[in-house]
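**Student:** give me the fold of what follows.
(one chain, ligands or ions: 1)
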Amino acid sequence: MNAVDVRDLTRTYKSGAEAVRGISFQVAPGQVFGLLGTNGAGKTSTMDVVAGLAAPTSGTVRVLGHDPIRERRAVRHRTGVVLQSGGLPGELTVAEAVRMWAGTMRAPRPAAEAIEAVDLVDRMGVPIKSLSGGERRRLDLAVALLGRPDLLMLDEPTTGLDAESRRRIWTLIRALVDGGTAVLLTTHHLEEAEELSDELAILHRGRIVAEGTLDQVVATYRAEIRWGDTVGRPPAGVLDAGEAVETEGRHVVVRTGSLQRTLGRVLRWAEDEGVALPELRATPASLETAFLALARSTDDATAPRQLEEITR
Ligand SMILES: Nc1ncnc2c1ncn2[C@@H]1O[C@H](COP(=O)(O)OP(=O)(O)OP(=O)(O)O)[C@@H](O)[C@H]1O
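**Tutor:** Below you'll find the model as predicted:
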């Protein structure tokens, strides 16, 4: 059975905003599924429904085989949630907060074990308000781990963290997944999605626009060769059928399904014609080029800027 099964989900806010416009995806046990997208793509709106915090406008959501709202009791003890606003009281120490939370559960993992799992043992006596952002995020995770969840839902778990804290959280998530936990993760960090996701879906304006393993998603996009234009005409004879050459500002850009072959042809063309290729750059297809392709193909004038931001 899938840990998460979302079918034809839509979510429209009272304001009329159509945040989620008919998406379907499944998360298997022992798998990280990354929901990736621009700001406002609908990630949090989707996560809230899976976490049972909001009802779908239409469509169905099953979590561990249950309706997350109507069968909340069956789901609650088997899931852990880390949302963007970790709401633990700042006056409590790390140990007090974890123990208090464990006290609300049926058969929790020992508090000390959860604290150790997130590497906060030396911060146990520190009030939450004095923790760094990364430490707070790890504390949120410790709380989510208390119920030994079959499914962890993580909404942007490393946003605002430095590279080292982020890596620690990734290592922790990977260890949990290796133990069989399913993880539904939202992120707008491409590196995080690449590092963690077994499968991913790219959400854009409430719809899934690409889906599959990282390799599958990347394979649908093209490599790019670009250089500064010195002759004002496109390179002759370098393209295969269906490939494209464009000018972007003062650059010539070739998009190709075969980077090595096309690059060879570009270099031969330049050699034969005596053309200089300043700032020549060849970039294999990646999640980043996939996002930028998405930006180019959108009709939303604000999207390209947002898409560029998330690739940084
Ligand atoms: N409570 C709300 N009422 C009305 N509209 C909302 C509400 N929450 C979100 N929206 C709108 O729904 C759309 C999707 O928002 P959502 O927060 O789900 O996106 P997101 O992908 O999580 O974005 P971010 O990366 O910025 O957190 C946006 O257009 C947003 O403005």
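
**Student:** who's in contact with the nearest residue to Gly34 once chain neighbours are set aside?
**Tutor:** Of all residues not flanking Gly34 in the chain, Ser197 sits nearest, at 3.4 Å (CB to CB, 6 or more residues apart in numbering). Where C-beta positions appear, they are placed from N, C-alpha and C, glycine not excepted. Going by CB atoms under 8 Å, 6 or more residues apart in numbering, Ser197 touches 32-34, 36, 185, 214.

**Student:** check Leu263 too.
**Tutor:** Contacts of Leu263 by CB under 8 Å, 6+ apart are 225, 282.

**Student:** list phi and psi for it.
**Tutor:** Phi and psi for Leu263, reported as degrees, to the nearest 10, are phi -60, psi -40.

**Student:** what separation is there between it and the ligand?
**Tutor:** The span separating Leu263 from the ligand equals 35 Å under the rule CB to the nearest ligand atom, to the nearest Å.

**Student:** buried sites along stretch 168-188?
**Tutor:** The neighbour-count check on stretch 168-188 (16 or more other CB atoms under 10 Å) flags 168-170, 172-173, 176-177, 181-188 as buried.

**Student:** try stretch 273-283
**Tutor:** If you call a residue buried by 16+ other CB under 10 Å, then stretch 273-283 has these buried ones: 275, 277, 282.

**Student:** list the contacts for the residue lying closest to the second one once chain neighbours are set aside?
**Tutor:** Read that as Leu277. Among residues not flanking Leu277 along the chain, Trp227 sits closest, at 4.1 Å (CB to CB, 6+ apart). With contacts defined as CB under 8 Å, 6+ apart, Trp227 is in contact with 251-252, 266, 277-281.

**Student:** Trp227: which element?
**Tutor:** When elements are assigned from DSSP states H and E, Trp227 belongs to strand 223-228.

**Student:** and the angle for the next helix or strand after that strand with strand 223-228?
**Tutor:** Note on strand 223-228: by DSSP H and E, the next helix or strand toward the C-terminus is strand 244-248. Calculated by axes from the mean of the first three to the mean of the last three CA atoms, to 10 degrees, strand 244-248 forms an angle of 40 degrees with strand 223-228.

**Student:** most proximal residue of the stretch 101-250 of the chain with respect to the ligand?
**Tutor:** Going by CB to the nearest ligand atom, the ligand is nearest to His188 of the stretch 101-250 of the chain, at 5.2 Å.

**Student:** shouldn't that residue be in contact with Leu35?
**Tutor:** No. Judged on CB atoms under 8 Å, His188 makes no contact with Leu35 at a distance of 9.9 Å.

**Student:** returning to that earlier point: now for the contacts of Ser197: which two are most distant?
**Tutor:** Leu185 and Leu214 (13.3 Å; CB to CB).

**Student:** find residues that contact each of the two.
**Tutor:** 193, 197.

**Student:** with distance to Lys129 and pLDDT added, can I get the contacts of Trp227 in JSON lines?
**Tutor:** Shown next, in JSON lines, are those (distance: CB to CB, whole Å; pLDDT from 0 to 100):
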{"residue": "His251", "distance to Lys129": "50", "pLDDT": "93"}
{"residue": "Val252", "distance to Lys129": "55", "pLDDT": "93"}
{"residue": "Val266", "distance to Lys129": "57", "pLDDT": "94"}
{"residue": "Leu277", "distance to Lys129": "56", "pLDDT": "95"}
{"residue": "Pro278", "distance to Lys129": "53", "pLDDT": "95"}
{"residue": "Glu279", "distance to Lys129": "49", "pLDDT": "95"}
{"residue": "Leu280", "distance to Lys129": "52", "pLDDT": "96"}
{"residue": "Arg281", "distance to Lys129": "47", "pLDDT": "95"}
